[in-house]
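[1] whatever this is, show me its structure:
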Amino acid sequence: MVHGESENVKTETYTHDRSSKYRKVNLNKHDEEKDLKILSDFDHFRSDKITDLNLLKKYANIIAYINTLTPVLHSLKSEFNIDYTMASCWQKNIPIKIEPVTATEKRNKTEPNDEFLEPLNRWWESVTDLESELKWNYLEHRGLQFAELYEPHGISILFNGKELKLNSEAEEIATMWCTTLGTEYENKPIFRKNFWKTFKSKFPTLHPIKKAKLESCDFTAIKNYLDNKKLKAAQDLENDRESVLAEKEALKRAKKELELPFTYALVDNIREKVSGFKVEPPGLFRGRGEHPKQGLWKQRIIPTDVKINIAKTAPVPKAIYPLNGYCWNDVVHENSLTWLAYYKDTIQDQIKYMYLSAQSKFKGLNDFLKYEKARRLKTCITNIRDGYRQKLRSDDLVDKQLGTATYLIDFLALRVGSEKDTDEEADTVGCCSLRVEHITFDKLTDTINLDFLGKDSIRYTNSVKVDHYAFTNLMEFCKDKKPDEDIFDKISTAKLNDYLKELLPGLSAKVFRTYNASATLEACLDLLKLEEGTLVATVKDEGNEVLSVNCGSVDELLHYYNHANRRVAILCNHQRTVPKLHQATQKKMMLKENILEEDLKMCKDYIKHLNEGSKKSFCMTPKLNDLKGNPRKAPFKEGAKVEALEKKVENIKKNISKLKLKIKIHDDNKTVALGTSKINYMDPRITIAFCKKFEIPIEKVFNRTLRMKFPWAMHTRTNFRF
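    Numbers count the residues shown, from 1 in each chain. Below is the predicted model:
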């Protein structure tokens with residue numbers, strides 16, 4: 001109960017209750033009554049008598065006196081994040097002064113959680129049989145988390161100018177359509193066609209909308225409802241920021257509590273994190289590129305669509321679904337498989353699996369074996385290349401095509417590719433599915449020009465000089481064929497994969513890509529060597545531009561590493577669209593550079609002014625405003641000494657140099673996805689050895705996700721060779 005309160009001070013008293021659950025704590029005899037009072041206070045705080053349990057989470061910086069009732073204080077600290085001093089205030093009956101927490105303090109505060117406290121599973125130290133078929137002895141988990149049911153809003157649309165009420169299914173689809181209005185999907189013919197087909201299917205057979213066009217419907221009312229909802233949320237945030245943020249935080253915590261049981265699985269008595277435990281919610285399928293099925297409705301996944309994999313002795317998890325009466329489709333006990341659950345995608349008929357996370361033993365072991373397989377390829381790559389080069393010269397057309405396809409997979413890091421039904425899937429292309437229309441030839445230089453849609457509908461364009469026999473073979477394969485005919489018409493994906501396995505057990509296009517990516521990275525980094533008497537090394541990049549790298553500068557070393565990473569990404573065609581904020585970010589950094597240049601000039605001018613002993617007044621007002629458009633102060637105080645100004649000049653020069661490097665890296669990598677090759681293709685041990693050799697903090701290269709993904713690689717020594 002609050003018995004005294006002022007504007008800045010709150011005092012709280014509590015009733016004594018000897019039935020505290022903490023009464024077993026060893027108490028100081030001379031202070032037993034006070035200590036018991038603290039214990040009862042804590043229980044009272046935990047009880048329903050106090051409704052605002054977030055009160056002490058909203059405030060901090062409590063000014064008080066520290067006491068030593070350790071067990072209770074730890075409980076307070078861990079459960080309610082209360083400063084130790086709060087309990088001392090209760091005990092000594094000191095009025096508590098509370099100051100609000102600033103946004104910065106909240107943002108910078110890190111609360112310990114299971115990920116920080118739980119010991120790392122060092123599986124690589126205990127695995128004896130790396131390629132054993134038995135993956136686990138015991139597996140227990142809670143299954144998948146299902147999407148919430150749709151809550152109808154009851155807003156009608158206009159059909160031919162008249163109000164049309166929608167059933168729940170049609171309303172859900174219409175609402176999803178309204179979320180795409182104003183985006184690129186609104187005007188995509190395929191998306192519009194498929195949406196309208198799906199939307200009409202929710203009406204009775206004889207309904208007039210069945211013969212109508214999309215233009216006959218007006219969805220403005222639903223669109224306005226969604227816009228007003230967003231606007232109201234923004235206004236509420238502006239009017240009462242603290243309450244709205246507190247409410248959001250409470251919802252976030254509640255959501256986390258609901259997700260927690262699904263977040264972990266028990267594998268051989270070790271708790272492992274799960275990824276992909278949420279089923280995909282229903283919605284309009286968007287796909288990548290010009291997918292022929294974009295705009296179709298993804299059906300809601302229910303428990304009867306899901307199969308789960310657990311140990312025979314593990315309890316079967318309850319299928320937690322908003323409606324009662326549902327159970328799993330099937331429960332299996334396959335200890336040679338690593339998936340935990342799966343269901344079928346209703347659009348593409350693909351299986352969606354639930355696996356353990358990237359930092360788990362299963363994924364870590366797979367990664368380790370993948371890179372070791374690529375390292376084995378290194379030991380016999382010369383023989384393999386000799387083998388497929390012989391096939392390039394073969395008289396047998398099938399052998400010729402096998403040799404040429406393998407050459408392209410190795411030399412250009414192409415994927416194998418497979419035949420696709422373009423009515424069902426996007427027309428993406430790999431090596432075996434290349435068509436005549438995708439290639440042109442330059443006979444004078446043995447150069448081929450490739451242009452096609454690769455994986456995820458990312459356009460692949462490359463002009464490259466190839467082996468003479470490969471060039472003549474490709475011309476022969478294209479001769480007298482129509483543009484839409486296959487270049488490799490005598491071989492299939494299966495035949496090519498079988499041939500690769502003949503060369504080396506387990507060999508695939510992915511192993512080739514992993515090998516070439518890792519070998520390219522290592523070769524680039526090997527060019528950077530320390531020479532006696534100097535810390536500067538020079539290397540040539542792909543454009544014959546000489547890169548001079550100061551090996552004593554972490555920033556320059558990182559720039560060179562990113563340069564090597566970029567070469568790998570280009571080899572593997574890891575591209576991305578230019579980020580929306582790229583230009584704005586670039587402009588902001590260039591403005592910052594101009595500000596630093598002005599500061600440098602002002603410092604130099606002021607040094608000259610002081611050295612000349614000029615009696616004229618010096619202008620202390622910079623011409624450029626800061627990044628927010630506000631007037632700036634001079635980078636130094638009037639009357640500053642020359643020595644201090646000279647140090648300032650050196651610091652500004654260093655900052656300008658760093659910023660210029662940052663601007664260049666940012667612009668160079670605007671269309672290149674560096675992360676994909678780091679995650680999937682470049683052996684992490686190469687990067688870690690490089691970082692250790694030049695004393696670069698690993699967190700500068702690998703973010704926390706990657707550090708958790710590759711713990712087995714962190715013990716790598718500087719002399720590691722791929």
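[2] low pLDDT regions in the stretch 301-450 of the chain?
    Residue ranges of the stretch 301-450 of the chain with pLDDT under 70: 418-428.
[3] residue ranges of the helices in it, please?
    Using DSSP state H, counting those that start in this stretch, the helices of the stretch 301-450 of the chain run over 361-392, 397-412.
[4] confidence score at the residue nearest to P322 when sequence neighbours are not counted?
    Excluding its sequence neighbours, the residue lying closest to P322 (CB to CB, 6 or more residues apart in numbering) is L149, at 4.8 Å. From N, CA and C alone the C-beta is placed, and that goes for glycine too. Here the pLDDT value assigned to L149 is 91.
[5] L149: what secondary structure?
    coil (DSSP: H, G, I helix; E, B strand; the rest coil).
[6] check S548 too.
    Going by three-state DSSP: S548 is strand.
[7] residues near it, how many?
    10 (other CB atoms under 10 Å).
[8] so what's it bridging to?
    Bridge pairing for S548 (DSSP bridges) gives the partners T538.
[9] just for this protein, where's the confidence low?
    Low-confidence segments of the chain, defined by pLDDT under 70: 1-118, 289, 418-428, 456-457, 529-547.
[10] repeat that for 50
    Along the chain, segments meeting pLDDT under 50 span 1-32, 34-106, 420-425, 533-534.
[11] which residues sit against stretch 165-173?
    Contact partners of stretch 165-173, identified using CB atoms under 8 Å, 6 or more residues apart in numbering, comprise 150, 152-157, 174, 195, 198-199, 202-203, 282, 284, 297.
[12] list just the nearest of these to Y469.
    Y469 lies nearest to L284 out of the contacts of stretch 165-173, by CB to CB, at 49.2 Å.
[13] quickly find the element holding the residue nearest to the closest one when sequence neighbours are not counted.
    Leaving aside its chain neighbours, L284 sits nearest to M176 (4.9 Å; criterion: CB to CB, 6+ apart). According to DSSP states H and E, M176 maps onto helix 168-180.
[14] and the next element down the chain from that helix?
    Next along from helix 168-180, by DSSP H and E: helix 189-200.
[15] could you tell me the angle between that next one and helix 168-180?
    Put simply, helix 189-200 runs at 160 degrees to helix 168-180, going by axes from the mean of the first three to the mean of the last three CA atoms, to 10 degrees.
[16] what's in contact with the helix or strand following helix 189-200?
    On the C-terminal side of helix 189-200, the closest following helix or strand by DSSP H and E is strand 217-218. For strand 217-218, contacts defined as CB under 8 Å, 6+ apart pick out I157, L158, F159, G161, L164, I209.
[17] chain center to strand 217-218: distance?
    38 Å (CA atoms, centre = their mean, to the nearest Å).
[18] list just the nearest of the contacts of stretch 165-173 to E522.
    Nearest to E522 among the contacts of stretch 165-173, with distances taken as CB to CB, is L284, at 44.8 Å.
[19] run through the bridge partners of the closest one.
    W297.
[20] just checking, it touches R192?
    No: the criterion here is CB atoms under 8 Å, and L284 misses it with R192 at 10.7 Å.
[21] need the overlap of contacts for these two.
    Taking CB under 8 Å, 6+ apart as the criterion, L284 and R192 both touch G295.
[22] from S168, how far off is G295?
    G295 is 20 Å from S168, where distance means CB to CB, to the nearest Å.
[23] likewise for P292?
    Shown here: P292 relative to S168, a distance of 28 Å by CB to CB.
[24] of the two, which one has the most company?
    Remark: of P292 and S168, P292 carries more neighbours, 17 against 12, as counted by other CB under 10 Å.
[25] pretty sure that one contacts K188?
    No: if you go by CB under 8 Å, P292 and K188 don't touch, sitting 11.4 Å apart.
[26] hey, C-alpha coordinates of stretch 334-352 in PDB?
    Extracted C-alpha coordinates of stretch 334-352, given in PDB (Å, rounded to 0.1, in the frame of the first residue of the first chain):
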ATOM      1  CA  GLU A 334      13.100 -42.700 -37.600                       C
ATOM      2  CA  ASN A 335      16.400 -42.300 -35.800                       C
ATOM      3  CA  SER A 336      18.300 -42.200 -39.000                       C
ATOM      4  CA  LEU A 337      16.600 -38.900 -40.000                       C
ATOM      5  CA  THR A 338      17.200 -35.500 -38.500                       C
ATOM      6  CA  TRP A 339      13.800 -33.800 -39.300                       C
ATOM      7  CA  LEU A 340      11.400 -33.200 -36.400                       C
ATOM      8  CA  ALA A 341       8.200 -32.600 -38.400                       C
ATOM      9  CA  TYR A 342       7.000 -31.800 -41.900                       C
ATOM     10  CA  TYR A 343       4.000 -30.800 -43.900                       C
ATOM     11  CA  LYS A 344       3.300 -30.100 -47.600                       C
ATOM     12  CA  ASP A 345       3.100 -26.700 -49.100                       C
ATOM     13  CA  THR A 346      -0.300 -26.300 -50.600                       C
ATOM     14  CA  ILE A 347       1.000 -24.100 -53.500                       C
ATOM     15  CA  GLN A 348       4.100 -25.800 -54.800                       C
ATOM     16  CA  ASP A 349       3.500 -29.200 -53.300                       C
ATOM     17  CA  GLN A 350       6.900 -29.100 -51.700                       C
ATOM     18  CA  ILE A 351       7.700 -30.600 -48.300                       C
ATOM     19  CA  LYS A 352       8.500 -28.000 -45.500                       C
END
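[27] which parts of it are buried?
    For stretch 334-352, a neighbour-count test (16 or more other CB atoms under 10 Å) marks N335, L337, T338, W339, L340, A341, Y342, Y343, T346, I347, Q348, K352 as buried.
[28] residue contacts, the fourth one?
    In this case it means W339. N309, Y353, M354, Y355.
[29] which one of these is nearest to R393?
    Closest approach between these and R393, by CB to CB: Y353, at 43.5 Å.
[30] what sits closest to W177 if chain neighbours are left out?
    F195 (5.7 Å).
[31] what's near enough to touch that neighbour?
    Shown in contact with F195 (CB under 8 Å, 6+ apart): I173, W177, L214, L284, G295, L296.
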